[in-house]
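Enquirer: okay, structure incoming, though there's no sequence with it:
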């Protein structure tokens, strides 16, 4: 019992409850109702208020902002984008999801929208940052980076990077045999000077494939992750008659303490210790192949938080580089690995894995100066600088769009006329809590009201579990507790928004490592969001929800669904790295549809150059070793045994459509989508794919 227990003198006379109309005494006198999600200082809500609320100017600059219509606007050329070149993201989604009969592409949501112009701008900006740092310091060599394909192995992304990067001698990094194969086939169209960095653990097949790449005149470097890999390289080299170019991955002492630094440092998963590095150099000298050792690689960890830590690690590695040069190796490249971070929460701080305290220019300057300082002290020629900056290249250009299809009701069920009667007929101890609650309300002691409401609810739940309380009484207590919470505004009610998405497929890093991504409504940003919500996905899993957001919030400001008609669309930004490759098939929800959008001078400032429906039910079933064809035949035979003859054809058509459709729901906006029939949208590649539906239909000779 709370400190302010029974105050009998203040208890309303019996019968007070019978006249109760479902409101607490003096309705409207409770302080303020639900607090505002943001203040506008008395001004009407504007897109600028939304930009500030969702921190878009922080994490989104220079590629995303809010336009005058209240929609997210994409600036494909970054800071160089002119106003008439901005792309309204909502118009892109309307084009994607509208039926073909209405001029759309008929795609089902969720959809990943890729902007290759942003990818090109990121690559150009990275190279410009290093070029400026090199020229401003008088550095004696140049920069040529590589893209680690593990970040996103999508064919069109890799091909874009090779094409956009050719003027900069930009190459690729592989960490497995299939990644090496795709890198080799892609780089035949790239710059002949582009590096092909071979990382990861290696067997004889991997090493032989890398040596074959050298015979194809690809600038291939085999980076030793373990000392014993050297023997395999030497054996394969002699067997194939190919002289290798060898790199070493150094296991530095420098590491950062965040999640992404766990594979670095002396106890890290990859790399050679200084003892092993010296051993490798001596073995190569013994077989007269020390000249093959030309590259030093290291990796402090992804999302390096500060340039101070970066410079410390680069400086340590540069000393090893200089020592290898002194020992007679033909050193020419230092590969600083990944680690160039991005600002997920817009805070521009170095205190968490969600942000970094530097920009591209500061990153490049720290790397160049640290290497230059170490080499100048030892009179070693400045090496080519390579970085494996994947996250910073591809994260911004990809946006995941999904729809909120429903939301939990904010209000308790309507009060039945006998609600107060039910509360008055509770057991003595529970009825005392109820009367004390009402007395506190009369006196305006709202915090005490909340305490009594919580105690009443706990007591009645226990009585219900013991079989001492009826369901009607428990419902009455729940309704009263909800009323108190709402009227007193003791807690900001959080609504659950149900989203047409699988978190495990499309945002696996949130579930796996707690990585946060900016999630924002892509429209209605000229309206004040009035709801605090969490996002619950389609999977049958309690972990399938988004309840942590950038800025430390446990809920997201949202708008009422359906208040303006149509669907309610949200975007997850900065997710272009890792999410697609890591995504699983929980509940057999496959990947999203994919749209490739370039800036153009057309009426809407964009052109769709590729549109692909997401995997069908048949596709995801096949990926788990099922045979959709056999499944369909079994169901058809069953139908022939149990369904009237005149209904079999319609049933078979329905089954065929089910196998050929995406696993996700048809959106609340009513877009039917999913009618990819191989036709073209007139803007580039074919929109369709061979649907399993048509295979099944042919089986029926329909």
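Expert: Happy to help now that I have it. From a predicted model like this one, the values you see are computed outputs, not experimental measurements. Residues are numbered from 1 along each chain as shown.
Enquirer: pull the number of nearby residues for residue 369.
Expert: Residue 369 sits with 18 neighbouring residues when counted by other CB atoms under 10 Å. C-beta here means a position set from N, CA and C on the backbone, and glycine is covered the same way.
Enquirer: so what's it up against?
Expert: The neighbours of residue 369, taking CB atoms under 8 Å, 6 or more residues apart in numbering as the test, are 133, 137, 311.
Enquirer: go again with 10 Å.
Expert: Each residue near residue 369 by CB atoms under 10 Å, 6 or more residues apart in numbering is listed here: 133, 136-137, 139, 307, 311, 314-315.
Enquirer: mind showing which ranges of the stretch 401-550 of the chain have poor pLDDT?
Expert: 410-418, 489-492 (pLDDT under 70).
Enquirer: which residue ranges of it form helices?
Expert: With DSSP state H, counting those that start in this stretch as the criterion, the stretch 401-550 of the chain has helices at 419-424, 428-443, 446-465, 471-488, 503-506, 508-513.
Enquirer: which of those is buried the deepest?
Expert: Greatest average neighbour count among those goes to helix 503-506 (a mean of 24), per mean count of other CB atoms under 10 Å.
Enquirer: hmm, who's touching that helix?
Expert: 110, 112, 400, 402, 510-512, 535-539, 541, 543-546, 572, 575, 579-580, 582-592, 614-615, 620, 663-664.
Enquirer: separate out the buried members of those residues.
Expert: If you count burial by 16 or more other CB atoms under 10 Å, the buried members of those come out as 110, 112, 400, 402, 510-511, 535-539, 544-546, 572, 575, 579-580, 582-583, 585-592, 614-615, 620, 663-664.
Enquirer: tell me where the stretch 601-702 of the chain has helices.
Expert: Here the stretch 601-702 of the chain has its helices, by DSSP H, counting those that start in this stretch, at 617-623, 628-642, 645-660, 692-699.
Enquirer: stretch 592-612: end-to-end distance?
Expert: Taking CA to CA, to the nearest Å, stretch 592-612 runs 9 Å from one end to the other.
Enquirer: return the distance of that stretch from the chain's centre.
Expert: From the chain centre to the centre of stretch 592-612 is a distance of 21 Å (CA atoms, centre = their mean, to the nearest Å).
Enquirer: got the buried residues for that stretch?
Expert: Buried residues in stretch 592-612, counted by 16+ other CB under 10 Å: 592-599, 605-612.
Enquirer: among the residues you listed, which two are most distant?
Expert: Greatest spacing in these, by CB to CB: 592 and 605 (23.2 Å).
Enquirer: ok, which of the helices of the stretch 601-702 of the chain comes nearest residue 58?
Expert: Closest approach to residue 58 among the helices of the stretch 601-702 of the chain is made by helix 617-623 (36.9 Å; CB to CB).
Enquirer: give me the mean pLDDT for that closest one.
Expert: Across helix 617-623, the average pLDDT comes to 95.
Enquirer: so for that helix, what gets flagged as buried?
Expert: For helix 617-623, burial by neighbour count (16+ other CB under 10 Å) applies to 617-622.
Enquirer: which ones are touching residue 188?
Expert: 162, 213, 216-218 are the contacts of residue 188 under CB under 10 Å, 6+ apart.
Enquirer: out of those residues, which are buried?
Expert: Taking 16+ other CB under 10 Å as the criterion, what is buried in the contacts of residue 188 is 162, 213, 218.
Enquirer: backbone dihedrals for the residue lying closest to the second one once chain neighbours are set aside, please?
Expert: Put plainly, it is residue 213. Spatial nearest neighbour of residue 213, chain neighbours left out: residue 220 (4.3 Å); criterion: CB to CB, 6 or more residues apart in numbering. Main-chain dihedrals, residue 220, degrees, to the nearest 10: phi -90, psi 140.
Enquirer: gap between residue 220 and residue 243?
Expert: Here the criterion is CB to CB, to the nearest Å. By it, residue 220 lies 11 Å from residue 243.
Enquirer: list the residues that contact both of these two?
Expert: 211, 214.
Enquirer: between those two, which is the more surrounded one?
Expert: residue 220 (26 against 13).
Enquirer: number of nearby residues for residue 569?
Expert: Neighbour tally, residue 569, other CB under 10 Å: 26.
Enquirer: what mean pLDDT does the longest helix along the chain get?
Expert: As assigned by DSSP state H, the longest helix anywhere in the chain is helix 116-137. For helix 116-137, mean pLDDT is 98.
Enquirer: list the buried residues of it.
Expert: By neighbour count, with 16+ other CB under 10 Å as the criterion, the buried positions of helix 116-137 are 116-127, 129-130, 133-134.
Enquirer: over to stretch 283-297?
Expert: Neighbour-count burial for stretch 283-297 flags 284, 289-290, 292-297 (criterion: 16+ other CB under 10 Å).
Enquirer: model confidence over it, on average?
Expert: 97.
Enquirer: mind checking the end-to-end distance for it?
Expert: So stretch 283-297: terminal residues 19 Å apart, CA to CA.
Enquirer: I'd like the distance from that stretch to the chain centre, please.
Expert: So, by CA atoms, centre = their mean, the centroid of stretch 283-297 is 41 Å from its chain's centroid.
Enquirer: and if you look at stretch 228-235?
Expert: On CA atoms, centre = their mean, the centre of stretch 228-235 falls 39 Å from the chain's centre.
Enquirer: follow-up on the earlier one: give me the subset of the contacts of helix 503-506 lying in strands.
Expert: Using DSSP state E, the subset of the contacts of helix 503-506 located in strands is 112, 400, 402, 535-536, 545-546, 572.
Enquirer: among the buried ones among the contacts of residue 188, which lie within strands?
Expert: Among these, no member lies in strands (by DSSP E).
Enquirer: would you list those in CSV and tack on distance to residue 181?
Expert: Formatted as CSV, these follow (distance: CB to CB, whole Å):
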residue, distance to residue 181
162, 14
213, 9
218, 12
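Enquirer: what is the nearest of those to residue 351?
Expert: Top of the list for closeness to residue 351, among the buried ones among the contacts of residue 188 and by CB to CB, is residue 162 at 36.3 Å.
Enquirer: just name the shakiest helix or strand of the chain by mean pLDDT.
Expert: In the chain, the helix or strand scored least confidently by mean pLDDT, DSSP states H and E is helix 692-699, which has a mean of 40.
Enquirer: what about the helices in the stretch 201-350 of the chain?
Expert: Per DSSP H, counting those that start in this stretch, the stretch 201-350 of the chain carries helices over the ranges 204-215, 229-240, 274-286, 307-326.
Enquirer: give me the buried positions along stretch 165-178.
Expert: Neighbour counts over stretch 165-178 (16+ other CB under 10 Å) mark 165-166, 168-176 as buried.
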